[in-house]
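> Sequence and predicted structure are below.
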2 protein chains.
Amino acid sequence: MAGRESGAAVVRCAGRIGVVASVAMNLAWLAMYIRRRYFTARRSDGGAEADVVEAGKGKPPVTPDSVVNLDHGDPTMYEEFWRATGDCATIVIPGWQTMSYFSDLSGVCWFVEPGFEHQVRRLHRLVGNAMVDGYHLLVGTGSTQLFQAALYALSPAEDGSPINVVSPAPYYSSYPSVTNFLNSALYRWGGDANTFDGDTCIELVCSPNNPDGGIRKAVIKSKSSKAIHDFAYYWPQYTPITEAASHDIMLFTVSKCTGHAGTRLGWALVKDKEVAQKMIKFIELNTIGVSKDSQLRAAKIIKAVCDGYELSSYGDASRLFHFARHKMAARWNRLRLAVEASGIFTLPDELPGHCSFSNDTIISNPPFAWLRYKKDDVEDLEGFLREQKIITRGGTRFGVDGKVVRVSMVDTDEAFDVFVNRLVSLK
Amino acid sequence: MAGRESGAAVVRCAGRIGVVASVAMNLAWLAMYIRRRYFTARRSDGGAEADVVEAGKGKPPVTPDSVVNLDHGDPTMYEEFWRATGDCATIVIPGWQTMSYFSDLSGVCWFVEPGFEHQVRRLHRLVGNAMVDGYHLLVGTGSTQLFQAALYALSPAEDGSPINVVSPAPYYSSYPSVTNFLNSALYRWGGDANTFDGDTCIELVCSPNNPDGGIRKAVIKSKSSKAIHDFAYYWPQYTPITEAASHDIMLFTVSKCTGHAGTRLGWALVKDKEVAQKMIKFIELNTIGVSKDSQLRAAKIIKAVCDGYELSSYGDASRLFHFARHKMAARWNRLRLAVEASGIFTLPDELPGHCSFSNDTIISNPPFAWLRYKKDDVEDLEGFLREQKIITRGGTRFGVDGKVVRVSMVDTDEAFDVFVNRLVSLK
C-alpha cells in the first residue's frame, strides 16, 4: 500500500514538473516568436532583412506638373509584376560564391554560367521565338556589348578596309554612335541600308523594330553581306510569335524581356563556332567576361518566368508575358484614343497576327510609340513636345525627319498617365 | 458550499484543458521545428536554401600530378576567408529591385549605385591608400573597362592623330592587346615608356607593378603626357601603404582587393570633371552603365571588410587584409625557400617598408612571382615550365625577354602547394 501510494506521489510530482516545464517552454517559444516577428526585420522566406542592400532611387517620381521623360526605354513598368511574385525571383549570393574569373572551362564560352544558359534555352523552347539546338550561347553585358562583339567578329572587310555597318531607317539611334565612337579601322557606320549601294556590309536587322515596331527582314541581298538580328523585342508581350527564328547571329536582352535593365545582361545565339569564338575574344578583352552575379540573378528571374508557365502550382499572377501583354494592350488602346482625340498626330497602323505562344490572334503592342505630327507648322516635334514638358527622342536620331518622335511605352503607370493626359490636351 | 465546489470544478477543468492545450502546442511546435530543421534547406540566417542558385564550378581542382595553371591572377585564395565570415557578406536581391537603367540622376555618374560609392569612399579612408575628397567616383565592369574609358577620355592627341599609349617594361601583358584590339584612330600602343622618345602620350603606371611587384612612378616627364595610375594591387596584403595617393586618374578593382573577380567590378577616382564625363560617356556607349547587381554585391562585401575593422564585435577572423597578408607572407616565405633549394631561379629582392595601415614595417608580398631563370641553357622559360606541367606567362608578353615568367601567387592552396613542390624538384 505504501509502495502504491509513493508510486502515485511520484507520478503526481512528475506530472506537476511536466506541466511547469511545458508552460515554461511555451512561454519561452512565445517570447522568441514575438522577438523574431516584431523585432527582427525578416523577409517572407524567413531570411534577415539586413541582407537586402538599399539601392539607388532611379529616376525621380513623376507628378501631374513635372517633366515626364520618355526618351529612354526604361522598363519600370515591370516592377509591379515582380513585386507581386513574392520571393520566387529573389536571389541570395553568399560571400564566397562565384569569386573566380572562370565559370565553365568545358564549353565554348568560359565565362557563361551553366545555370544561366540552361534557363535561357528553356525560355526559348517555352516561347518558341528562336531555335536553340545547334547554337552556341554567349552572354554579354547587355545586348549592346554583344552587338559590338558581333561587329568585331564579322570585320574587317575581306580587303582589310573598314566594313560598312548599315540598317534600314528608321534605325535604332544607338547603332551609329556605338559603331563609330572609337573610330575603329575595322568597321564604320554606313547609314541607311535602303540606300546602301555597296557590296559588302554588316546589316543590323531589328525586329520588331526600334523605334517604329515594324516587323523587319534583311534588305541587303548581296551574298557577301552579313546580318546581325537584334531580337530585343521579339517576345509575346510586344508582338505575335510567328516562328522560331534561326538566323546566324541573334541578340536578346533581359532588359526588354523581363524588365531587368539594371542587371545589364544580354545573350546571343550564334551558329558559327569561329564567329562565336571571336565574339568571346571581344568580351574577354573588353571586360574579361561578364558579371557572374548578373548571370545568376538573370537565371533566377528567367527560371521564375518559365516556372510561372510550366508549373501548375503558379497562378496567372505569375505569368510574365500575360501580365505585360495585358498592360501593353491597355496602354496602346488609351494612346490610340488620345491620339484620335488630339487630332494632330498619327501612329503606325495596328499589326494583327497569329501568336503561336498564346495560340490566338493579337494586335502587336510595340514598346515604343512612333508618334508623327500631321500638320505643317512644326518641323521639330521633339522640341515642341519638350516645351510641353514631354521628353521624347526625335526622328533625326533614327535617320529620318524631325516631325516624328519615339516615345517609351514601358515606363511607370504614373509617367504614362501624365503623358497621355497631356497629349490629349494638345490640339 | 455548492458554489465553491462548482468553482473548484471549473478551475480543475480549466487546468486540464490548459495542460492538454499546452502539450498539444508543444507537439505542434516540435513538429514544425523538425520539419524546418531537417526537411527544408535553410541558410544560417534562416532564409530558404532554394534562393541560392547553383553556380559554375570554375577551374577543375588540382592534383599532385595534374597541370597547375598559374597563368591568370585568379584570386581563389580568398574563398577561404569569405566562407569563414558566415553571412555578413551575403546579399539578397529581391526580384523587383534595381530594374531601372538609372541609379542616381543627382550625381555626375548616373549609373553608380550610391551604396557602392559610400562603401568605397569608406574603404579608402580606412586603408589610407587614396584620397577621396575632391574626387569623382566612377564604376566600371572591372578596371579593364575603366582603363579603356580613360584612354577614350584622354585621346586623341591635340593634332587629332592617335595618341601613343606607353608603359615602362615589364608592363601588364593586357595593356597592348586591350589598347589595340579595335584598331582605334584615337589611341595606339606605343610600347616601352622607358624608350619612348615622343612628346605626347598616355602613360600607364601600375604600382605595385604587374608583373614584377615593383613600386612605380611615372617615367615620362613631358608636360603634355598624361598618366593613368593602375592601383589594382595597392592594398595592405601586397605592399606597405606609404601614402594616400592623389593622382588625376586612379583605377582599382574588387578582383584583387577582396578576391571577387567574377563580380567584374572596378572603380576610378578622377579629379577632372570633364575627364570623368568622357569616361562616363564611354561606359554608356560600351555597356549602357554597369550591372547594379554587381555594385550592390560589391557594396555588401566592401561593407563587410570595413565592418571587420571598424566594429569591435568582429574578431580577427573578419579582418580581410590581415588574413590575406598572413597568407601571402607565408606563401612568399615558402617560395623563397623553394627557389633557394632549386638553385636555378631568382626572384625580385624583398622590399621592406613602413605600412601606415598596420603601423609596422613589413616586406611586400606581390600577387605575382616574377621568376627568372639563372642559367643559359633555357631561353623560353614558359615553355620549359609547361613541360613540367606548370602554366605561367612568359616575359615576352610583358615586353621583356623569355627567361622570366609571371606566376600567380593568389590561387588555391592546392595549386600553390603543387607549384612549390614541383619547383623544388627542378634543379
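All right, it came through fine.
> Please make it C-alpha for all contacts and neighbour counts, starting now.
Will do.
> Sticking with residue A:166, tell me its helix or strand.
strand A:163-167 (DSSP states H and E).
> What strands line up against that strand, and which way round?
Within its sheet, and counting by DSSP bridges, strand A:163-167 is paired with strand A:187-192 (parallel), strand A:201-206 (parallel).
> which is the next helix or strand following it?
For strand A:163-167, the following helix or strand on the C-terminal side (DSSP H and E) is helix A:174-180.
> what does the stretch 151-300 of chain A put close to chain B?
When proximity is defined as C-alpha under 8 Å from any C-alpha of the partner chain, the stretch 151-300 of chain A approaches chain B at A:152, A:174, A:177-178, A:181-186, A:259-264, A:285-294, A:296-297, A:300.
> Among those, the buried ones, what's the PyMOL command?
To isolate the buried subset of these in PyMOL, counting by 16 or more other C-alpha atoms under 10 Å in any protein chain shown, use the following:
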select buried, chain A and resi 152+178+181+182+183+184+185+186+259+260+261+262+263+264+285+286+287+288+289+290+291+292+293+294+296+297+300
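> sec struct for the residue nearest to residue A:62 when sequence neighbours are not counted, please.
Distance criterion C-alpha to C-alpha, 6 or more residues apart in numbering or on different chains; nearest residue to residue A:62, sequence neighbours excluded, is residue A:415 at 5.8 Å. Taking DSSP: H, G, I helix; E, B strand; the rest coil as the rule, one finds residue A:415 in the helix state.
> Next one: residue A:415 from chain B, what distance?
Note on residue A:415: its distance to chain B, by C-alpha to the nearest C-alpha, to the nearest Å, is 14 Å.
> buried residues in stretch A:341-358?
A:342, A:345-347, A:355-357.
> which ones among those residues are found in helices?
residue A:342 (DSSP state H).
> Chain B: which of the buried residues of stretch A:341-358 is nearest?
Closest approach between the buried residues of stretch A:341-358 and chain B, by C-alpha to the nearest C-alpha: residue A:357, at 24.3 Å.
> If you tally nearby residues, what's the number for the nearest residue to the closest one once chain neighbours are set aside?
Leaving aside its sequence neighbours, residue A:357 sits nearest to residue A:127 (C-alpha to C-alpha, 6+ apart; 5.7 Å). As a burial measure, residue A:127 scores 19 neighbours (other C-alpha atoms under 10 Å in any protein chain shown).
> Then residue A:25?
Residues near residue A:25, counting by other C-alpha under 10 Å, number 14.
> can you check residue A:32 too?
Residues near residue A:32, counting by other C-alpha under 10 Å, number 12.
> now residue A:266
Look at residue A:266: counted by other C-alpha under 10 Å, it has 26 neighbours.
> I'd like the distance between residue A:160 and residue A:187.
From residue A:160 across to residue A:187, the span is 10 Å (C-alpha to C-alpha, to the nearest Å).
> Can you give the contact residues for stretch A:369-382?
Residues outside stretch A:369-382 that contact it (C-alpha atoms under 8 Å, 6 or more residues apart in numbering or on different chains) are A:211-213, A:344-348, A:384, A:391-394, A:402-409.
> In helices only, show me those.
Those of the contacts of stretch A:369-382 mapping onto helices are residue A:384, per DSSP H.
> Of the contacts of stretch A:369-382, grab the buried ones for PyMOL.
Buried residues within those, by 16+ other C-alpha under 10 Å, are selected in PyMOL with:
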select buried, chain A and resi 211+212+213+345+346+347+391+392+393+394+402+403+404+405+406+407+408+409
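> hmm, back to that, so who does the residue nearest to residue A:357 touch?
By C-alpha under 8 Å, 6+ apart, residue A:127 lies in contact with A:235-236, A:241, A:357.
> Please convert the buried members of those into ChimeraX selection syntax.
The ChimeraX selection below is limited to those of the contacts of residue A:127 classed as buried (16+ other C-alpha under 10 Å):
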select /A:235,236,241,357
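> between the contacts of residue A:127, which is closest to chain B?
Within these, proximity to chain B (C-alpha to the nearest C-alpha) peaks at residue A:235, which comes in at 18.2 Å.
> and the gap between the closest one and residue A:358?
Taking C-alpha to C-alpha as the measure, residue A:235 falls 11 Å from residue A:358.
> just residue A:85 next, same as before
Separation of residue A:85 from residue A:358 (C-alpha to C-alpha) stands at 21 Å.
> One more: residue A:419?
30 Å.
> How about residue A:66?
39 Å.
> With residue A:241 instead?
8 Å.
> Same question for residue A:22.
Residue A:22 is 57 Å from residue A:358, where distance means C-alpha to C-alpha.
> And the strands in the stretch 1-150 of chain A, which stretches?
Using DSSP state E, counting those that start in this stretch, the strands of the stretch 1-150 of chain A run over A:68-69, A:91-93, A:136-140.
> Confirm residue A:396 sits in a helix?
Yes: Residue A:396: assigned to a helix according to three-state DSSP.
> ok, the residue nearest to residue A:62 - contacts?
So residue A:415 contacts A:62-63, A:68-70 (C-alpha under 8 Å, 6+ apart).
> tell me the contacts of residue A:207?
Contacts for residue A:207 (C-alpha under 8 Å, 6+ apart) come out as A:213-217, A:229-234.
> so of the residues you listed, which ones are in helices?
Per DSSP H, helices hold no members of those.
> Return the closest of the residues you listed with respect to residue A:313.
Closest approach to residue A:313 among those (C-alpha to C-alpha): residue A:234, at 27.3 Å.
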